[in-house]
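> pasted the sequence and its predicted model underneath.
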Amino acid sequence: MDLKTRLNAVLSSLAHSYTSPIVRLDGQTAHCILAASLFMRRSGKISGVEQHFWINRLLAAGIRTESDLHSWLAASFSASIPRLLDTCRKQADELLEEGVGVFGWNAPFSDSFAGEALLQSSRGPCPTVLFYKGSLDFDRPLLAVFNSRKPRLASPHSNWLEALRSCLLSLDSRGIALAGSIGTLTYDLVCAHAWRSGLSQLLVAPGPLLNADRELLKRYGDESANRIPLLSCMLDSESCPKRQAQVCRDRILGALAHIHLVLEIRSRGNLSAVLEDIQANSPRPQFVLDPEETNSSNAGNRTLLTKFSEHAHGFKLPGFPDFPSPNPVQTHLPVIKNSPRSSEWRSRPRGFYFSSLRGEIIWGNYLYHYTRASSGEWPGETYLEYLLNLLDAHALSGHSALETLIRILQEGLVRAGSKMVRCKAEVISWSSHPPGELFEMRKWNRGLARWTVEPYGIAVRRDILRSLGAKPAIYGGEQVYSRIAESERYRFQLSRSAPSSSWRHEREWRVPGSLALNMIESDEGFVFVETKGEKEKLCGYVKPGLPIVVLDA
């Protein structure tokens, strides 16, 4: 039985028996909880687990009126409160008018928190309530997707992404809704799919509720993001350490969802502990990717499949065909084949002459713009476009250094940016290091799992770039920056004596503004890639107006 058939069978069995995991509290109770939450934070900075402990006691006391709230706060916190409470009550009224409300847990879903030591004590479960914004109508079962944190640079053909793609295409929008979040690639991909396909969804924010809608607008750039319902255990400020807040977010999602979809879970990690604990206390159907080979990134899958076999449905990766690149476009531009091999780079002197079909090249006469892998959207691409391209396995959606170069050539534009520029001027960074000297400037970036510089990019004659305003970067400390004329501050790069804080080895030049490649004649620059196969891939997408240098020919 294939995944879609099994999923539909589970949905059919839930169609008339599922229960909403949370219940909306009435307006009076919600008003008291909102006012009390604001009061506790402002008066004694009571937050996190401590705040939910007090909210639990407030609910147990049956507080529903302002006079009862006043008396309860005075008795609980031994404070003189009239002025502060009046301010908090007014703000609570404003929040209710804006559509903010409060949900409480509906048994048996609250049992999902019973085994978590950090969230359960003699004080009661945490969170006691969830704050929400938007229209949350639970008219169909909820499915949540779980995946251990992955490197920021994602391949469109990684196992977990192929599994996610297959599962999302199996969902019937009429029979299910998605419970998700924001802030990790997997959650964002699920949200983007729901946004595009019209699937109902709700999001559990990893931070305060009142900040989450701004995050959605920033990520998706569309007013429709305001219509996505949001939940959070925090109202208007961070109340737990970030790492703990992320664990709580996953636990809330696990408790909310009637069905779990598990892609790749590391063994003995926070997410593995959350899912195991929920299954032990309040089991529900889980669809778990059954890996062909067990490794450190998916060992938790095997645990769920064996330990909770009664409710776990294993599924295999679909037989995805390879995604072919377009047929190569024939180019009549010369390819320089006798450039230095990687093994020869260290022994080649600067300024060495290499022959080509166009004559001799003096590498020292050029400046080099190196492309690098991009863990996220490219300049000129929205984050939503990036997510949808990954979901569709677009041929360039891996955003490798070579694919970034192809993107530049397709646009015919080297875009300026201000990411590392102190004065926020938009510039293009170049280096006087030719590809044969990459070993002198590149470092391994552990966080992104890539080199800081790779052997792909565009070279342009130094005199041409000088005529366009190119100047060397000015390295130094803060005192150097203060002495630079304002018109030249775009050249400043903070650099200290410590090796980890020094950037002089990059020998950077900067050109103000973007550069249209049609301004560069074919004898004034060239494109360079590492291998002949990469040159063929590049030519399959674009016919560049510059010669192509194959470094390892």
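Good, I have the coordinates. Remember, it's a predicted structure, so these values are computed and weren't measured experimentally. Numbers count the residues shown, from 1 in each chain.
> what about the strands in the stretch 251-400 of the chain?
Along the stretch 251-400 of the chain, the segments classed as strands by DSSP state E, counting those that start in this stretch run 259-262, 286-289, 312-315, 335-336, 353-356, 359-362, 366-370.
> Throw those into a markdown table and include distance to Pro547, mean neighbour count and mean pLDDT, thanks.
For every residue, glycine as well, the C-beta is placed using N, CA and C. As requested, those are exported to a markdown table (distance: least, Cβ to Cβ, whole Å; neighbours: other Cβ atoms under 10 Å; pLDDT from 0 to 100):
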| stretch | distance to Pro547 | mean neighbour count | mean pLDDT |
| --- | --- | --- | --- |
| strand 259-262 | 49 | 25 | 96 |
| strand 286-289 | 46 | 25 | 95 |
| strand 312-315 | 49 | 20 | 93 |
| strand 335-336 | 7 | 19 | 41 |
| strand 353-356 | 8 | 14 | 36 |
| strand 359-362 | 10 | 12 | 68 |
| strand 366-370 | 12 | 24 | 96 |
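> scan the protein for its longest helix.
Counting residues, the longest helix found in the chain (DSSP state H) is helix 27-44.
> where's Tyr475 relative to Arg510, distance?
Tyr475 sits 12 Å away from Arg510, taking Cβ to Cβ, to the nearest Å as the criterion.
> I should have written Gly62 there, sorry.
Here the criterion is Cβ to Cβ. By it, Gly62 lies 66 Å from Arg510.
> so between those two, which is more surrounded?
Using other Cβ atoms under 10 Å, the more surrounded residue of Gly62 and Arg510 is Arg510, with 23 against 10.
> look up how far Leu85 lies from the more buried one.
Noted for Arg510: a distance of 56 Å to Leu85, by Cβ to Cβ.
> equivalent analysis for Ser432, please.
To Leu85, Ser432 is 66 Å away according to Cβ to Cβ.
> which one's more surrounded, the two?
Neighbours were counted for Ser432 and for Leu85 using other Cβ under 10 Å; Leu85 has more, 22 against 17.
> got the contact list for that one?
The contact partners of Leu85, by Cβ atoms under 8 Å, 6 or more residues apart in numbering, come to 35, 39, 69-70, 73.
> for Leu231, phi and psi?
Dihedral pair for Leu231: phi -130, psi 150, per degrees, to the nearest 10.
> oops, could you answer that again for Pro127 instead?
When read as degrees, to the nearest 10, the backbone of Pro127 gives phi -80, psi 150.
> not counting its neighbours along the chain, what's nearest it?
Leaving aside its sequence neighbours, Pro127 sits nearest to Cys233 (Cβ to Cβ, 6 or more residues apart in numbering; 3.6 Å).
> confidence-wise, which helix or strand of this structure is lowest on average?
Ranked by mean pLDDT, DSSP states H and E, the weakest helix or strand in the chain is strand 353-356, scoring a mean of 36.
> care to break this protein down by domain?
Domain assignment for the chain by automatic domain parsing gives 3-12+143-315, 335-550.
> distance from the chain centre to the shortest one, please.
It stands for domain 3-12+143-315. Mean-position distance between domain 3-12+143-315 and its chain equals 14 Å (Cα atoms, centre = their mean, to the nearest Å).
> again with the last one
Its chain's C-alpha centre and that of domain 335-550 lie 25 Å apart, by Cα atoms, centre = their mean.
> which ones are touching Gln246?
Residues near Gln246 by Cβ under 8 Å, 6+ apart: 206, 270.
> any idea which helix or strand carries it?
Assigned by DSSP states H and E, Gln246 belongs to helix 242-256.
> that helix: which residues count as buried?
By neighbour count with 16 or more other Cβ atoms under 10 Å, helix 242-256 contains the buried residues 245-256.
> and the helices in the stretch 151-300 of the chain?
Along the stretch 151-300 of the chain, counting by DSSP state H, counting those that start in this stretch, helices occupy 159-170, 185-197, 209-220, 242-256, 270-281, 299-307.
> let me redo that: the stretch 401-550 of the chain
For the stretch 401-550 of the chain, the helices defined by DSSP H, counting those that start in this stretch occupy 401-411, 462-467, 478-483, 532-541.
> can you put the helices of the stretch 151-300 of the chain in JSON lines and add mean pLDDT and distance to Pro125?
Formatted as JSON lines, these follow (pLDDT from 0 to 100; distance: least, Cβ to Cβ, whole Å):
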{"stretch": "helix 159-170", "mean pLDDT": "93", "distance to Pro125": "30"}
{"stretch": "helix 185-197", "mean pLDDT": "93", "distance to Pro125": "24"}
{"stretch": "helix 209-220", "mean pLDDT": "80", "distance to Pro125": "19"}
{"stretch": "helix 242-256", "mean pLDDT": "91", "distance to Pro125": "10"}
{"stretch": "helix 270-281", "mean pLDDT": "93", "distance to Pro125": "11"}
{"stretch": "helix 299-307", "mean pLDDT": "96", "distance to Pro125": "23"}
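> JSON lines please, covering the ones you listed and showing distance to Pro318.
Output for these, formatted as JSON lines (distance: least, Cβ to Cβ, whole Å):
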{"stretch": "helix 159-170", "distance to Pro318": "5"}
{"stretch": "helix 185-197", "distance to Pro318": "16"}
{"stretch": "helix 209-220", "distance to Pro318": "28"}
{"stretch": "helix 242-256", "distance to Pro318": "25"}
{"stretch": "helix 270-281", "distance to Pro318": "23"}
{"stretch": "helix 299-307", "distance to Pro318": "16"}
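> quick one: closest of these to Glu536.
Comparing the helices of the stretch 151-300 of the chain against Glu536 with Cβ to Cβ, the closest turns out to be helix 159-170 (25.3 Å).
> in that closest one, what counts as buried?
For helix 159-170, burial by neighbour count (16+ other Cβ under 10 Å) applies to 159-168, 170.
> against which helices or strands is it packed?
Secondary-structure packing of helix 159-170 (3 or more Cβ pairs under 8 Å, 6 or more residues apart in numbering; DSSP states H and E): helix 3-14, helix 185-197, strand 286-289, helix 383-391.
> looking at those, which is buried most?
Across the helices and strands packed on helix 159-170, the average number of neighbours (mean count of other Cβ atoms under 10 Å) peaks for strand 286-289, which reaches a mean of 25.
> what lies in contact with it?
With Cβ under 8 Å, 6+ apart as the test, strand 286-289 has contacts from 3, 6-7, 159-160, 163, 167, 259-264, 275, 279, 298, 301, 304-305, 308, 311-317.
> thanks again, I'm all set now.
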